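>>> prediction below, plus the sequence it came from.
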Amino acid sequence: MTVFLHLFDNPWIGIAAGTGALMGFVTVNALWLIWLERKVSARMQRRYGPTEVGPFGLLQTVADMLKLIGKELITPDHVHRPLYLIAPVLVFAPLVALLSLLPIDADWVFHDFDIALVLLLAFSGLNVIGIFAAGWGSNNKYALLGAVRAVAQNISYEIPLLLAVIPIVLMTRSLSLHEIASAQAYPFILVQPLAFIIYFISATAETNRAPFDIPEAESELIAGFHTEYSGMRFGAFFLAEFTNMVIVCAVATILFLGGWKGPLLPGWLWFFIKVYGLIVVMMIFRWTFPRLRFDQLMTFAWAILVPLALVNLLVTIVVLKL
Amino acid sequence: MTPLAPSMQLVPDEQDSETYYLNMGPQHPSTHGVLRLRLHLEGERILGVEPVIGYGHRAHEKMAENRDYLQFLPNTSRIDYLSGMIYNLGYCQAIEKAMQIEVPERAEYIRIICGEMNRISSHLLWFGTYLLDLGGFTPFLYAFDDREKILDILDSVTGSRLTYSYGRFGGVCMDVDDTFLRAVADFCDYFAKRIEEYHKLVTHNVIFRHRTKGVGVMGADLELDYAVTGPCLRAAGVARDVRKDEPYGIYERFDFDVVTAEGGDCLARHMVRMGEMEQSLKIIGQAVRNIPDGPVMAAKVPKRIRPPEGEHYFACESGRGHFGMYFRSDGTDVPVRMKLRTPSFVHVSTMPVVLPGTMLADTVAILGSIDIVIPEIDR
Amino acid sequence: MDTLRQTLTGAWSLLVGMKVTLSHVLRKPVTSQYPRERIEMTQAYRNVIRLIEIDEIGSHDCIDCQACVRVCPSDCIKVEGERPEGMRKKRATLFEVEFALCSECGLCLDVCPTDTLGYSREYDQAGFKRSDFLYDLLHEWAPMEEGVREKLRAEEAVKAAAKKAAAEAKAAKAVTEAAATEAASGYDDTAEAPEA
């Protein structure tokens, strides 16, 4: 599958088709992941999860999505309309764009950017603007508290994320995801276990998943920054969260687990197995651990993760120089 | 324009632009019922708290004035629905103490077993919902699975799962058989292992410890000033338990410890409650081994319950603390006044002292750790 | 170094916690798939009350004593009765329970003098209106009511006859005993009173 842009004569049709394919992937991915989450959490809690709709409850999420689409889009009177309406789009759109950067197999990528990694980290920051717009525009104390916490959390955890990725870049001397994955004769997790752990924890915090789900802390703030959203607008936040999970786990696979490399099975299958395996680990985190308090979360990022990441970086530099 | 009552003020005064009021309203996932906390916040720090209660007022004490003593029995289970059996049996014991009715031995042992099972189920529910407030969703389901076992056992003998009307004046209304005793013994063995799992999953968990250690410290002086009782008091190091200080029933015959902890913070309260569950298992084990045969209802129970004129008071140890029943009788079927001293009412009144200075996330942790049941506050 | 040690202990505790939750994946789920699996209620289970058959009578034995009505804390029982022709015992003609008010305390069962009240085995009642929960307990016993009354009347007649016969026998016995005492003492009470 070569780059979509060259498949069609008219580049605009190419872009439209590509975007359509990406949106299709986002939707199918969300359907499958929500089902997976419900099943994994149910089994950990000794219950069954969805079983009624479709075989093994696979169509349950379809039913939920249909319900969500059919809900009335209530816009409360007191909101700041421009911000309130643009927020779901701001949260959702950068992530769809990022999906196009991920190489799924040795020659399956939408567009092989040579600074893909930088682009990824940059676009993750746009996520924060969307969350803050949602919280501020909602004109609601709970939403504002959630948004403020989300902004602080996301910005803080971007630093360890970056610092954990830099050793890999130094090792492969490239910022292109495709090249990094190709350069792994052995998975880099074997030589950079600490970087992987730091990256994974920071990634969990970036996606606002428990134990870092303060922004949407259900038991404290009702629903955090998306309190005032209903129907498909809430669905947009939901989809964004699951897409973000796929993106960060895909980056983790590419950087640390060898991307599409693996014996016997085709490359893209290995890729997806690794990505969804990491997502299952994220789900186990969510359902096992309680939530960190906000200041403890910040202390953890700045006082523990950042020094560890710096130490790791230093050791990598020293070893590489030798 | 008439000034609003203080609890209705939701916008700060003119000169105050740094702080704001937040309503942790009657509908909230973490206030364990319909409790309204009017928080005065600056950023994330709490400056003042005002609990607004009364959303669940059902007029139990007024109902007591219109019903005779036997008819009030079902109400007692519903005051604190988590310790329904303990309250029920305590009410029966209050009337028996006033009327000098002798309860047969077997009934006393059955009362101890059922009361302690109820205490375990109450603490289990606290454990599950406390973790739910803190964000860990799974221990909630484990705790409720264990609680189902207790409820099934009690269901097999009383017929109800939550609001037992099991006690009667002079004993209990239905006898237990060997299947019940075997089920109780099996549950004790099973649960001892479960407590170990809970310690591994929760108590040693670093995130849990960070959320609860040093949070919401209630010193012994503060607690004694406010008449706090139960696990909250014992977590500050004060060993006071109604079962040891003013024993009722046959509690003197049982060998159990009063579990205390040092520090008075949320972690200490957690440890005290886990320890209490273990002590309850010990008591139940002794009761199951030593239960005698015999009748479960006193032979001579007056047809009409007319306690002697005057004031009567009886206290028992519920899951939350010292539960006191005071009633004044004028020799007729119907009490003149029944006052229920519920521990949660007292504990909520310490919130304006304990909460200021903490962060918003801590509010939830502290409120959960003092284990209040709102129907008990509002009665 | 202390921080490092704390971090490592903390990380280890997280792993132990994950092991506990993962071990639960291997255990069988505890959900019972209601409504496909009907749940068995225990013997003592309390639900709406019903009238139980008393063996000697072959039907319920509610005698309209109003004890359950008086003791109910929620005032949800309504009983009316009559004394049928030729019977000394009363029979209930109306027995309604407003189950929406019932608190399932079991006090009515305790005070019933004939032990004719018991619990029913239903547990999943549902309705659309409040009147769906107005239970008529005599509904199941209505067809056989006449027969039962006949039977009771007959029993009572037999008992009354037996009692009357016993009373007559006792009276006759008393008379014969008195006559025997008279004969033994030689006192002739048929003689006229001596002339004064």
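That came through fine.

>>> now do the strands in chain B.
Applying DSSP state E to chain B gives strands spanning B:20-24, B:36-42, B:45-52, B:167-168, B:171-172, B:310-317, B:322-329, B:337-341.

>>> and the strands in chain C?
For chain C, the strands defined by DSSP E cover C:49-51, C:77-82, C:91-98, C:117-119, C:134-136.

>>> show me what the second one is packed against.
So that's strand C:77-82. helix C:67-71, strand C:91-98 (3 or more C-beta pairs under 8 Å, 6 or more residues apart in numbering or on different chains; DSSP states H and E). (Each C-beta comes from the backbone N, C-alpha and C, glycine too.)

>>> give me the contacts around the first one.
Taking C-beta atoms under 8 Å, 6 or more residues apart in numbering or on different chains as the criterion, the residues outside helix C:67-71 that touch it are B:70-71, C:77-79, C:107-108, C:110-113, C:117.

>>> check the residues you listed and tell me the two furthest apart.
Greatest spacing in the contacts of helix C:67-71, by C-beta to C-beta: B:70 and C:78 (19.9 Å).

>>> from the strands of chain C, which stretch is densest packed?
strand C:49-51 (a mean of 22; mean count of other C-beta atoms under 10 Å in any protein chain shown).

>>> and the contacts of it?
Everything outside strand C:49-51 that qualifies as a contact, by C-beta under 8 Å, 6+ apart, is C:60, C:62, C:95, C:97, C:108-109, C:116-120, C:137-138, C:140-141.

>>> at 6 Å instead, please
Identification of contacts with strand C:49-51 by C-beta atoms under 6 Å, 6 or more residues apart in numbering or on different chains yields C:60, C:116-117, C:120, C:137.

>>> any of those buried? List them.
C:60, C:116-117, C:120, C:137 (16 or more other C-beta atoms under 10 Å in any protein chain shown).

>>> distance to chain B for those - can I get that in a markdown table?
Shown next, in a markdown table, are the buried ones among the contacts of strand C:49-51 (distance: C-beta to the nearest C-beta, whole Å):
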| residue | distance to chain B |
| --- | --- |
| C:60 | 21 |
| C:116 | 17 |
| C:117 | 14 |
| C:120 | 12 |
| C:137 | 19 |
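
>>> now render those residues as JSON lines, adding pLDDT.
What follows is the buried ones among the contacts of strand C:49-51, written out as JSON lines (pLDDT from 0 to 100):
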{"residue": "C:60", "pLDDT": "83"}
{"residue": "C:116", "pLDDT": "89"}
{"residue": "C:117", "pLDDT": "89"}
{"residue": "C:120", "pLDDT": "85"}
{"residue": "C:137", "pLDDT": "86"}
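
>>> restricted to helices, list those.
Of these, none are assigned to helices by DSSP state H.

>>> so which of these also contact chain A?
Residues of the buried ones among the contacts of strand C:49-51 in contact with chain A (C-beta under 6 Å from any C-beta of the partner chain): none.

>>> ok, the residues you listed vs chain A, which is closest?
Checking the buried ones among the contacts of strand C:49-51 against chain A with C-beta to the nearest C-beta, the nearest one is residue C:120 at 30.4 Å.

>>> doesn't residue C:45 make contact with the closest one?
No: taking C-beta atoms under 6 Å as the definition, residue C:120 is not a contact partner of residue C:45, at 9.3 Å.

>>> where does the chain dip in pLDDT?
All of this refers to chain A. Applying pLDDT under 70 to chain A picks out residues A:1-8, A:210, A:216-224.

>>> not quite, I wanted chain C
C:184-196.

>>> spatially speaking, which residue is in the middle of it?
In chain C, the centroid-proximal residue (C-alpha atoms, centre = their mean) is residue C:117; its distance is 1.7 Å.

>>> wait, what's in contact with that residue?
Here residue C:117 is in contact with C:49, C:108-109 (criterion: C-beta under 6 Å, 6+ apart).

>>> alright, I will stop here.
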